[in-house]
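In: Need coordinates for the following:
(one chain, ligands or ions: 1)
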Amino acid sequence: MSRLLRFVKRYGIAAAGAVYAFTFGMRSSRHRALVHGIAAHFGHDDQPPRLLPVVGIDDVTSPETRVMLAEPMGVDGNVSLLELLVIARLVGERVPRSLFEIGTFDGRTTLALAANAPDDAVVYTLDLPAGTHTQLSLAPAERQFVDKSGSGTRLRGHSASGKVRQLFGDSAALDFRPYAAQLVFVDGSHAYEYVLEDSETALGMVWRGGGGVVLWHDYGSWEGVTRALNELHARDARFSGLRSIAGTTLAILDAGPA
Ligand SMILES: C[S@@+](CC[C@H](N)C(=O)[O-])C[C@H]1O[C@@H](n2cnc3c(N)ncnc32)[C@H](O)[C@@H]1O
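Out: All right, here's what the predicted structure looks like:
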């Protein structure tokens, strides 16, 4: 095939793909990211700026730490492989006995938490059942992650799932007082009000757990997360240690006991 023909074929596929991505494909965050990317290419940027101080991956974790990554292949809604590595390293190094994840989705990160935690650890993971009325408003684009066919589907058949306890409900409505943790992963709703609420909840659990680490996902990629964490860092002394981890959308806070 001549170079011209190959280009015409590629052009046709790209044009058809663009029509799909900009219409029916808008449900996928991959396609919405494409729109953001193209808009950014032409000089448009409506994301709040990333204001948190940045730390390197090897400053918060060690490259020497061995990790188990049971489900390396991600889908839309999961953390990136690099983020999974950072999370797994942190668990391996901090040795938390009790871990809490807000936002199970398919359970890929839940598994990484469980697989790298000590044998006697318990990983609680909370998910919002599809169709549940929520106390606060969700971000419009996140319905696709809520309205999935099953929660924690990747947990089935893995030996590490024995450490996992699945919980179901709205993070703004659940009574978290029975839970204490040394590591909390906040990855539920991306709406601003929810991020504020879940951050408060996470800090409370770490305090009850005698101190530990809170991680957030999607800093810099979801407006609600970025705005909430920027504000908490600037205005609330309890969150002044918040840092963004370079090359990822993870934010981290080391929190001592209350
Ligand atoms: C982006 S996904 C989480 C991805 C997952 N942590 C991972 O790393 O693969 C967000 C999840 O949070 C759940 N969620 C959204 N709002 C919630 C709420 N108010 N309470 C509890 N879970 C919520 C959704 O149902 C969805 O499963």
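
In: shaky segments in the protein?
Out: For the chain, the stretches with pLDDT under 70 are 29, 33, 258.

In: most residues in a single helix of it, which one?
Out: Looking across the chain with DSSP state H, the single longest helix is helix 3-21.

In: Please list the residues of the protein that sit near the ligand.
Out: 77-79, 102-106, 108-109, 126-128, 134, 138, 145-146, 170-172, 187-189, 194 (Cβ under 6 Å from any ligand atom). Bear in mind the C-beta positions are built from the backbone N, C-alpha and C, glycine included.

In: Now, those that are in strands?
Out: Of the positions in the residues of the chain next to the ligand, 102, 126-127 sit in strands, assigned by DSSP state E.

In: D147 against A130, yeah?
Out: Yes. Using Cβ atoms under 8 Å, D147 is in contact with A130, at 4.6 Å.

In: For the ones in strands among the residues of the chain next to the ligand, which entry has the maximal number of neighbours?
Out: Within those, neighbour counts (other Cβ atoms under 10 Å) peak at I102, which reaches 28 neighbours.

In: Give me the nearest residue to that residue, chain neighbours excluded.
Out: Once flanking residues are discounted, I102 sits nearest to G188: 4.0 Å by Cβ to Cβ, 6 or more residues apart in numbering.

In: Tell me how many other residues surround A202.
Out: Using other Cβ under 10 Å, the number of residues around A202 comes to 26.

In: which element is it on?
Out: Assigned by DSSP states H and E, A202 belongs to helix 192-208.

In: which stretches of the stretch 101-250 of the chain form helices?
Out: Assigned by DSSP state H, counting those that start in this stretch, the helices in the stretch 101-250 of the chain fall at 108-116, 143-146, 192-208, 223-235.

In: Give me the neighbour count for F168.
Out: By the criterion of other Cβ under 10 Å, F168 has 14 neighbours.

In: Also A246?
Out: Residues near A246, counting by other Cβ under 10 Å, number 13.

In: Distance check, it against the ligand.
Out: 19 Å (Cβ to the nearest ligand atom, to the nearest Å).

In: same deal with A251?
Out: With Cβ to the nearest ligand atom as the criterion, A251 and the ligand are 14 Å apart.

In: For that residue, give me its contacts.
Out: For A251, the contact set (Cβ atoms under 8 Å, 6 or more residues apart in numbering) comprises 52, 215-216, 219, 229, 242-245.
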